[in-house]
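Asks: Got a predicted model here, sequence first, then my questions.
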Amino acid sequence: MLRRETLTIIAAGTIAAGGRGLGAVNAFVPSYLRGGLGLPQVTVGLVFTVILASSVIGPIVAGHVADRRGRRIVAIAAYVVGGVALGLFGSAGASLPALLVLGVLVGAFAYAESPLLQTLFADAIQDAPRQAAFGVYFAIAYGAGSLWVVLLGWTIDHLGFAAAFWIMAATFLAAAAVLLLGDRPRERAAG
């Protein structure tokens, strides 16, 4: 199980936990919109709803594209687009059109990375005991997510929301580099 390709995927997931949708985005976007930008609660709800709606559609579309074009390249693209979108979202200010457009991109790509990476991991572990392998994967990748939330919270307190969103972006871009430069897992044919 602990071959180089599985370690590459675990490393990417651990790094990207700093920008992962279910951890960092859900924790900080509403606070940024309301407390950081001072937007009305209705506007916060609108922007966050757009992000969450996109978070449903993004992984579905990414999965279909990944089955046709390759999981690894789609995961790398999700990291790059999601990372850039996260950074720009935190720098967009109170411009509602910019927040909505970037919100769609954040929702679609910051939430697509996790299922894409899990699929790459499933392809890489092949003959290993699946339950044990995924137990290790989730413990490491999602355990790191809780540490990232602490670091991002500290960053917001000391450097502001924009810096925290650019750190989230950097985690995605670093994860893309790990996948790009790391061992290439063997992908199974789509069933």
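Replies: Thanks, I have the structure now.

Asks: Spatially nearest residue to Gly160, not counting backbone neighbours?
Replies: What sits nearest to Gly160 in space, not counting adjacent residues and going by C-beta to C-beta, 6 or more residues apart in numbering, is Gly36, at 7.6 Å. The way it works is simple: take the backbone N, C-alpha and C, and place the C-beta from them, glycine included.

Asks: Quick check, Ala112 in contact with His64.
Replies: No: judged on C-beta atoms under 8 Å, Ala112 makes no contact with His64 at a distance of 11.1 Å.

Asks: more crowded one of these two?
Replies: Applying other C-beta atoms under 10 Å to Ala112 and His64 shows that Ala112 carries more neighbours, namely 29 against 12.

Asks: tell me the contacts of the more buried one?
Replies: For Ala112, the contact set (C-beta atoms under 8 Å, 6 or more residues apart in numbering) comprises 58-59, 61-62, 78, 82.

Asks: how about a cut-off of 6 Å?
Replies: 58-59, 62, 78 (C-beta atoms under 6 Å, 6 or more residues apart in numbering).

Asks: if I look at Arg71, how far off is Leu116?
Replies: 6 Å (C-beta to C-beta, to the nearest Å).

Asks: And the helices in the protein?
Replies: Across the chain, reading from the start of the chain, the helices by DSSP state H fall at 4-16, 26-31, 41-69, 71-89, 96-110, 113-125, 130-159, 161-181.

Asks: Mind putting these into a markdown table with mean pLDDT?
Replies: Output for these, formatted as a markdown table (pLDDT from 0 to 100):
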| stretch | mean pLDDT |
| --- | --- |
| helix 4-16 | 92 |
| helix 26-31 | 94 |
| helix 41-69 | 97 |
| helix 71-89 | 97 |
| helix 96-110 | 97 |
| helix 113-125 | 92 |
| helix 130-159 | 91 |
| helix 161-181 | 96 |
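
Asks: Next one: the residue sitting furthest away from the middle of the chain from Gly145, what distance?
Replies: With distances taken as C-alpha atoms, centre = their mean, the residue sitting farthest from the centre of the chain turns out to be Asp127, at 27.3 Å. In this structure, Asp127 lies at 28 Å from Gly145, with C-beta to C-beta as the measure.

Asks: now do Arg71
Replies: Arg71 sits at a distance of 21 Å from Gly145 (criterion: C-beta to C-beta).

Asks: swap in Gly82?
Replies: Counting by C-beta to C-beta, the gap from Gly82 to Gly145 is 15 Å.

Asks: more crowded one of those two?
Replies: For Gly82 and Gly145, the more surrounded residue by other C-beta under 10 Å is Gly82, and the numbers stand at 32 against 21.

Asks: Apart from its neighbours in sequence, what residue is nearest the more buried one?
Replies: Closest residue in space to Gly82, ignoring its immediate chain neighbours: Phe109 at 3.2 Å, by C-beta to C-beta, 6+ apart.

Asks: how far away is that neighbour from Arg34?
Replies: Noted for Phe109: a distance of 23 Å to Arg34, by C-beta to C-beta.

Asks: between these two, who's got more neighbours?
Replies: A count of neighbours by other C-beta under 10 Å puts Phe109 above the other of Phe109 and Arg34, at 28 against 16.
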